[in-house]
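>>> Sequence unavailable; structure follows:
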């Protein structure tokens, strides 16, 4: 189930608060020059490996198809990454969430709040009729940094599929940095 990191994928390595020059220097992914401005969003246009580089809080996620970081005053103030290369079935998404939780447990992150347990997610998802369901699974904290793991169902069985397709997202924010 787990996607191992191919060595050929470029890496994005950053810490919230890093300036764009530092992000570019630490990363093997090359952001288009038009993205490297003072305020806005930087995003990857191809699969990447994301590594959070804060000392004591660092971790490396499986390959990601989706990465974006909000930038204000030329500093990264929030990150969202989906550490998977395609939509996956619910059982695989739950396995990925478990992997990310164990990864954070091994670092200095502390669990702030756990929402539904893995075995409750499928039943909770069936309570909703909307095509897109998004639920927060866990909140973590390391210093001033906050990390949220979210699960989104993007398709339902009614769409002609025999299974739901899901997306796992990791969001990292630091309210102190955003308030500056």
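Sure thing, it's come through. In this text the structure is predicted, and so the values were computed from the model without any measurement.

>>> Student question: in this structure, what's the helix or strand with minimum average pLDDT?
Every helix and strand in the chain was compared by mean pLDDT, DSSP states H and E; the lowest is helix 121-125, with a mean of 51.

>>> right, and the helix or strand after it?
Elements were assigned by DSSP states H and E; along the chain past helix 121-125, the next helix or strand is strand 133-142.

>>> Kindly provide the whole-number mean pLDDT of that following strand.
Confidence over strand 133-142, taken as the mean pLDDT, stands at 88.

>>> quick one: buried residues of it?
For strand 133-142, the buried set under the neighbour-count rule, 16 or more other CB atoms under 10 Å, comprises 133, 135, 137, 138, 139, 140, 141, 142. In short, each C-beta sits where N, CA and C put it, glycine included.

>>> quick one: the strands in the protein?
Taking DSSP state E to define them, one finds strands in the chain at 11-14, 40-43, 49-52, 59-60, 66-72, 75-82, 88-89, 110-114, 133-142, 145-155, 165-173.

>>> who wins for proximity to residue 30 among these?
strand 11-14 (10.2 Å; CB to CB).

>>> how distant is stretch 42-56 from the center of its chain?
With CA atoms, centre = their mean, to the nearest Å as the basis, the distance from the averaged C-alpha position of stretch 42-56 to the chain average is 9 Å.

>>> Same check on stretch 100-118?
13 Å.

>>> quick one: terminal-to-terminal distance for stretch 102-114?
In terms of CA to CA, to the nearest Å, the two terminal residues of stretch 102-114 are separated by 13 Å.

>>> same question for it, mean pLDDT?
Across stretch 102-114, the per-residue pLDDT values average to 92.

>>> who touches it?
Outside stretch 102-114, the residues within contact range by CB atoms under 8 Å, 6 or more residues apart in numbering are 56-59, 61, 101, 137-142, 146-147.

>>> List the buried residues of it.
The neighbour-count check on stretch 102-114 (16+ other CB under 10 Å) flags 104, 109 as buried.

>>> How about stretch 15-27?
For stretch 15-27, by 16+ other CB under 10 Å, it's 15, 16, 17, 18, 20, 22, 23, 24, 27.
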